[in-house]
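**Q** Here is a sequence together with a model predicted from it:
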Amino acid sequence: MHELYADPEVRDAVVARWGPDVAPAGSVDRAAVARHAFAAPEERAWLERLLWPRVGARVAAWRATESSRIPPPRALVVETPLLFEAGLEVLYDATLVVIADERIRARRAAARGHAEVEERNARQLSQEEKAARADHVVRNDRDLTALERELAHVLEKLS
């Protein structure tokens, strides 16, 4: 989704909405966009209306291209933020949710420099709700090797 901000149409729309400070030197500053988008529910809703249809279109086009390869890939995997919130789960044959202890999630988000973590979490479905909606659930409370093992197990099920 981050690449969508390089699209001149998206860039121009966020600049028209929030001013030139969101795209200094012509490149969208995602942190500046986040400050505006999370300032009020209507601002976030506007950004979602701008981006989500583009996300869906990009995923559909990518799937069509990749699925036409000979031989076709064993699986196609797409990370889609706010998958269920955006109603984009219909684009996929199966859904997988990766969940973790809330303290671990907060620590990881802080390590990545995410601001407005609580505001972002408030917009998302709970992990429990996502797990209930997903076809597959993987826990990510341990190390990378354990996560890779869990994901490989899901891939085996899907093959």
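**A** Structure received. Residues are numbered from 1 along each chain as shown.

**Q** How many residues are close by H36?
**A** Using other C-beta atoms under 10 Å, H36 is surrounded by 18 other residues. From N, CA and C alone the C-beta is placed, and that goes for glycine too.

**Q** err, L83, not the other one
**A** Other residues near L83 come to 22 when the count uses other C-beta under 10 Å.

**Q** What separation is there between it and D21?
**A** Here the criterion is C-beta to C-beta, to the nearest Å. By it, L83 lies 30 Å from D21.

**Q** need the helices for this structure, in chain order.
**A** Remark: helices assigned in the chain by DSSP state H are 8-18, 30-37, 41-67, 102-111, 117-123, 127-133, 144-158.

**Q** Ranking those helices by mean neighbour count, which comes first?
**A** Of all the helices of the chain, helix 30-37 has the most neighbours on average by mean count of other C-beta atoms under 10 Å, namely a mean of 17.

**Q** Under the pLDDT cut-off, which ranges of the chain? List them.
**A** The chain contains residues with pLDDT under 70 at 1, 114-122.

**Q** domains of it?
**A** For the chain, the structural domains run 1-75, 94-159, going by automatic domain parsing.

**Q** Need the phi and psi values for the residue sitting nearest the centre point of the chain.
**A** Nearest residue to the geometric centre of the chain (C-alpha atoms, centre = their mean): P81, 1.8 Å. Dihedral angles of P81 (phi, psi; degrees, to the nearest 10) stand at phi -60, psi 140.

**Q** Quick one: closest of the helices of the chain to D93.
**A** Among the helices of the chain, helix 144-158 comes nearest to D93, with 8.1 Å by C-beta to C-beta.

**Q** Which neighbouring elements make contact with the closest one?
**A** Packing contacts for helix 144-158, counted by 3 or more C-beta pairs under 8 Å, 6 or more residues apart in numbering; DSSP states H and E, involve strand 136-139.

**Q** Who are the contact partners of E9?
**A** Not one residue lies near E9 by C-beta atoms under 8 Å, 6 or more residues apart in numbering.

**Q** Dump the helices of the chain to a markdown table, plus distance to V90.
**A** Output for the helices of the chain, formatted as a markdown table (distance: least, C-beta to C-beta, whole Å):
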| stretch | distance to V90 |
| --- | --- |
| helix 8-18 | 23 |
| helix 30-37 | 24 |
| helix 41-67 | 9 |
| helix 102-111 | 26 |
| helix 117-123 | 20 |
| helix 127-133 | 12 |
| helix 144-158 | 18 |
